[in-house]
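>>> Pasted the sequence and its predicted model underneath.
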Amino acid sequence: MALKQVMEVYELLDSAHVSGDSVVCLLQQAGVGDIAVKRVEGKKGATDFVRIRIAGRHGKIKGGNAPTLGIVGRLGGLGARPERIGFVSDGDGALAAVSAAMKLGMMQENGDVLEGDVIICTHICPDAPTRPHNPVPFMDSPVEIADMNAHEIDPDMDAVLSIDTTKGNRIINHKGFAISPTVKQGYILRVSEDLLDIVQTVTGTLPAVFAITTQDITPYGNGLFHLNSILQPSVATQAPVVGVAITTETPVPGCATGATHLIDVEAVVRFVIEVAKAFTQGQCKFYDQEEYALMESLYGSMCHLQTAGQNSR
C-alpha cells in the first residue's frame, strides 16, 4: 500500500511555492539520498527537473549487471497559475513518480532492497502554461519536449515506464489506469503479457490497454496529432517504453483542478513498484527479443520514426 506516500506527496505538490528542492527534502526524510535537481529555463517559464536513483542490490550503480528500470513522471506542469488555482489533473504523472520514489526509499530503509536499480525522473513546475487541444484543453510545458527527454531519459535505463495523465480524449474510457503496447525504436509491439499479469494482480480487475497510433510515437513538433506526450520518451531511447496512463471515463482537461483521484494514482504507484521488483530480477519482459529481431530482419529499421522526419532535413 502506498496511499500514505501519495497523500503526503500530493500535499507537498499542491502549492504555488513547490520546487525541486521541496521534493528533495521530502524524499531525504524517506531515506532517498541520490537525488539531483536541475532548473531549466524555457521560452514559457522554468521548471525543476528531478532525477532520483534507487540503488539495487546488484544494480549498475554498485557495479552489478541487474537490469535498470526507468520511471518517468510525464507532465506539462503541476499547476496553471495564475489562470487556475491549485493542483491540475496533468500533475498526476509527477505525483505518481515522486510517490513511487518515496515508497521505494522507505522499502530500502525497512530492508526490502530490489535486485537492480530504479531511476525515477520528472519535473516540478507549479505555473505552467496551457494550450488548445481537442476534445479538451491541454497543459503546456515551460520547456521544449526535447529538453524534457534530455533530462528524463537516462542511458542506463533498460526499460521505461512513462506515467502520464491521459484523460483528455475519447480513446480510453476507463477510470483507473491503462497501459500501452510496448514501443521500441519506431515499432509498436504487442502488449507485454508480463505487464498485463501485474496490472490484474495490482487492480484485481481485467487490465485496460489504450490504443496508440504511429503519430503518437513520433516527436512533438512535426505537425501530427498526438494523443498526448505519454510516449515521447520512446523517441529518445533504444530501450522499450510502455505508457502508464491515468484515465477517466469522460474527457477531463489537463488543466482542470479538483480532478486528481488519489486511489487511482496509488494503484499506479503499486503497479510501477511491482514492475520494478520483477523487471530488475529478470522476471518481467517488456517485449520478445527474438520476435523483435525477426521484425527488423523482415521489415528493416523504424528508427526514422524517432526523428523529426524528412521535412526537417
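Okay, I see it.
>>> can you pull out the helices in the protein?
All helices of the chain, identified by DSSP state H, fall at 3-13, 20-29, 92-109, 145-152, 193-203, 262-280, 289-299.
>>> Distance to Gln215 for those - can I get that in CSV?
In short, each C-beta sits where N, CA and C put it, glycine included. Listed next are the helices of the chain as CSV, based on distance: least, C-beta to C-beta, whole Å:
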stretch, distance to Gln215
helix 3-13, 31
helix 20-29, 32
helix 92-109, 20
helix 145-152, 14
helix 193-203, 23
helix 262-280, 25
helix 289-299, 19
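>>> and among the ones you listed, the most buried is which?
A comparison of these by mean neighbour count, using mean count of other C-beta atoms under 10 Å, puts helix 92-109 on top with a mean of 26.
>>> what helices or strands is that one leaning on?
helix 3-13, helix 20-29, strand 45-54, strand 69-74, strand 118-124, strand 159-165, strand 241-247, helix 262-280 (3 or more C-beta pairs under 8 Å, 6 or more residues apart in numbering; DSSP states H and E).
>>> Out of those, which is closest to His151?
Set against His151 and scored by C-beta to C-beta, these come closest in strand 45-54, at 4.1 Å.
>>> Pull the residues that contact that closest one.
For strand 45-54, contacts defined as C-beta atoms under 8 Å, 6 or more residues apart in numbering pick out 19-21, 23-24, 27, 32, 34-40, 61, 77, 98, 101, 104-105, 108, 114, 117-125, 127-129, 141-143, 151-152, 154.
>>> What subset of the residues you listed is buried?
Applying 16 or more other C-beta atoms under 10 Å to these, the neighbour count classes 19-20, 23-24, 27, 32, 35, 37, 40, 61, 77, 98, 101, 104-105, 108, 114, 117-125, 127-129, 141-143, 151-152, 154 as buried.
>>> Mean pLDDT and distance to Tyr299 for the helices and strands packed on helix 92-109 - can I get that in TSV?
Shown next, in TSV, are those (pLDDT from 0 to 100; distance: least, C-beta to C-beta, whole Å):
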stretch	mean pLDDT	distance to Tyr299
helix 3-13	98	42
helix 20-29	96	42
strand 45-54	96	35
strand 69-74	98	27
strand 118-124	98	31
strand 159-165	98	22
strand 241-247	98	20
helix 262-280	98	27
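>>> Redo these as JSON lines? Include distance to Val202.
Converted to JSON lines, these look like this (distance: least, C-beta to C-beta, whole Å):
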{"stretch": "helix 3-13", "distance to Val202": "13"}
{"stretch": "helix 20-29", "distance to Val202": "23"}
{"stretch": "strand 45-54", "distance to Val202": "19"}
{"stretch": "strand 69-74", "distance to Val202": "15"}
{"stretch": "strand 118-124", "distance to Val202": "17"}
{"stretch": "strand 159-165", "distance to Val202": "13"}
{"stretch": "strand 241-247", "distance to Val202": "11"}
{"stretch": "helix 262-280", "distance to Val202": "5"}
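>>> Point out the one among those that comes closest to Ser89.
Closest to Ser89 of these, according to C-beta to C-beta: strand 159-165, at 5.3 Å.
>>> Does anything pack onto that closest one? Which helices or strands?
In terms of contacts (3+ C-beta pairs under 8 Å, 6+ apart), strand 159-165 is packed against strand 69-74, helix 92-109, strand 241-247, helix 262-280.
>>> Same list (those) but as TSV, adding distance to Asn222.
TSV is the format used below for those (distance: least, C-beta to C-beta, whole Å):
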stretch	distance to Asn222
strand 69-74	18
helix 92-109	22
strand 241-247	18
helix 262-280	29
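>>> Which among these is found nearest to Leu298?
Nearest to Leu298, of all the helices and strands packed on strand 159-165, is strand 241-247, at 22.0 Å by C-beta to C-beta.
>>> how many degrees apart are that closest one and helix 193-203 in direction?
Here the directions of strand 241-247 and helix 193-203 differ by 30 degrees (axes from the mean of the first three to the mean of the last three C-alpha atoms, to 10 degrees).
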